[in-house]
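J.: Make a model of this:
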Amino acid sequence: MGVSSRAILAALVDGRADPATMAALARGRLRSKLPLREQALRGLVRDHHQQFLAMPLAYIDFLEEQIATLNTTIAERLSALTPPETVAVPVAADEPAVGRAPHAEAAAPLTLDQAITLLDTIPGVDRRGAEMIVAAIGTDMSRCGTAVRLAAWAGVAPGNEESAGKRRAGKTHKGNRALRTGLVQLAHSATHTKETYLATLFRRLAARRGKQRAMIAVAHSILVSVCHMLARHEPYRELGASYFDRLRHSQSVERLTRRLEQ
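T.: Numbering: from 1, shown residues only. Below is the predicted model of the structure:
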């Protein structure tokens with residue numbers, strides 16, 4: 001589904017099945033592999049092959065047109081719901097948005113477009129993901145109370161099951177299924193970012209607790225950041241991949257010293 005692949009598939013459908021011609025359609029880093037691409041593109045393409053290739057490509061193009069139409073409609077609705085007088089959004093923040101409580105005196109809620117612009121600054125969250133979050137929780141965080149309650153309502157907070165002083169497996173509740181599913185998808189994108197707090201959080205937890213639990217933890221962290229960002233009208237501030245090392249500096253030094261001694 002990349003640009004180069006779609007161009008090559010279009011060439012096959014149009015009957016331009018020459019390996020050198022199709023290999024020349026490659027872009028970016030794929031240009032350095034032209035001889036290998038020419039070798040991979042050698043084959044026999046008949047009329048029925050072209051017909052079978054054209055059918056799914058046409059369906060994909062149809063879906064992309066529908067998505068573009070929906071995006072245009074969403075943008076028009078957002079602009080219609082935005083009042084003429086808006087609240088200014090600060091460009092930078094002095095403190096990170098992760099792990100902080102909202103101000104005691106909450107400011108006026110952001111407009112929908114402003115909230116989406118703020119949430120778009122979170123690693124792994126694009127405009128479509130920000131629209132999904134705003135559609136589910138709105139922009140007035142005073143209704144949620146705290147980030148803990150919001151995470152529990154969304155179904156990404158760990159359960160609290162304890163009996164006779166023994167803590168059992170804390171399974172998450174179902175919560176809002178649409179929001180929970182969307183947050184997990186955004187968490188998958190965030191884990192593929194480089195040198196970010198969310199990606200480091202996933203790797204640390206996945207090594208000890210498993211990938212599924214780690215993914216829910218990343219989704220929980222994203223939602224907590226969203227709550228504080230919308231409450232404070234502040235963009236996301238990246239903590240960095242070395243946040244945990246700075247948080248426990250002495251422990252990191254001792255652990256790495258033991259590894260060097262071993």
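
J.: And the helices in the stretch 1-150 of the chain?
T.: 3-14, 19-23, 34-40, 47-81, 112-119, 127-137, 147-154 (DSSP state H, counting those that start in this stretch).

J.: I'd like these as a markdown table, with mean neighbour count and mean pLDDT appended.
T.: Yep, even glycine has a C-beta here, placed from its N, CA and C like the rest. Converted to a markdown table, the helices of the stretch 1-150 of the chain look like this (neighbours: other Cβ atoms under 10 Å; pLDDT from 0 to 100):
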| stretch | mean neighbour count | mean pLDDT |
| --- | --- | --- |
| helix 3-14 | 16 | 84 |
| helix 19-23 | 16 | 80 |
| helix 34-40 | 13 | 80 |
| helix 47-81 | 11 | 89 |
| helix 112-119 | 21 | 90 |
| helix 127-137 | 19 | 91 |
| helix 147-154 | 20 | 91 |
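
J.: Kindly reformat those helices as CSV containing distance to residue 234.
T.: As requested, those are arranged in CSV below (distance: least, Cβ to Cβ, whole Å):
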stretch, distance to residue 234
helix 3-14, 36
helix 19-23, 49
helix 34-40, 47
helix 47-81, 21
helix 112-119, 7
helix 127-137, 15
helix 147-154, 14
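
J.: Give me the domain ranges for the protein.
T.: 3-68, 90-261 (automatic domain parsing).

J.: The shortest one: end-to-end distance?
T.: Okay, so that is domain 3-68. Using Cα to Cα, to the nearest Å, the span of domain 3-68 from its first residue to its last is 18 Å.

J.: Return the distance of it from the chain's centre.
T.: Taking Cα atoms, centre = their mean, to the nearest Å, one finds domain 3-68 lying 29 Å from the centre of the chain it belongs to.

J.: do stretch 224-233 as well
T.: Its chain's C-alpha centre and that of stretch 224-233 lie 16 Å apart, by Cα atoms, centre = their mean.

J.: quick one: average confidence on stretch 215-228?
T.: The pLDDT scores in stretch 215-228 average 94.

J.: got the contact list for that stretch?
T.: Outside stretch 215-228, the residues that touch it by Cβ atoms under 8 Å, 6 or more residues apart in numbering are 97-102, 119, 122, 124-125, 133, 137, 141, 144, 146-147, 150-151, 154, 156-158, 172, 180, 183-184, 186-188, 190-191, 197-198, 201-202, 205, 209, 234, 236.

J.: List only those of those residues flagged as buried.
T.: Among the contacts of stretch 215-228, the ones that count as buried by 16 or more other Cβ atoms under 10 Å are 97-98, 100, 102, 119, 122, 124-125, 133, 137, 141, 144, 147, 150-151, 154, 156-158, 172, 180, 183-184, 186-187, 190-191, 197-198, 201-202, 205, 234, 236.

J.: Can you give me the distance of the nearest residue to residue 13 once chain neighbours are set aside to residue 48?
T.: Closest residue in space to residue 13, ignoring its immediate chain neighbours: residue 54 at 4.8 Å, by Cβ to Cβ, 6 or more residues apart in numbering. Residue 54 sits 11 Å away from residue 48, taking Cβ to Cβ, to the nearest Å as the criterion.

J.: residues near residue 44, how many?
T.: Neighbourhood size, residue 44 [other Cβ atoms under 10 Å]: 6.

J.: Please tell me how far it sits from residue 10.
T.: According to Cβ to Cβ, residue 44 and residue 10 sit 19 Å apart.

J.: One more: residue 55?
T.: Using Cβ to Cβ, we find residue 55 at a distance of 14 Å from residue 10.

J.: isn't residue 235 right next to residue 229, touching?
T.: Yes - assessed by Cβ atoms under 8 Å, residue 235 is found in contact with residue 229 at 6.8 Å.

J.: Those two: which has the busier surroundings?
T.: Remark: of residue 235 and residue 229, residue 229 carries more neighbours, 24 against 18, as counted by other Cβ under 10 Å.

J.: Contacts only, for the more buried one.
T.: 97, 118, 119, 122, 235, 236.

J.: Quick check, pLDDT for residue 176.
T.: pLDDT, read off for residue 176, is 88.

J.: same thing with the one 4 residues further on?
T.: Residue 180 is assigned a pLDDT of 93 by the prediction.
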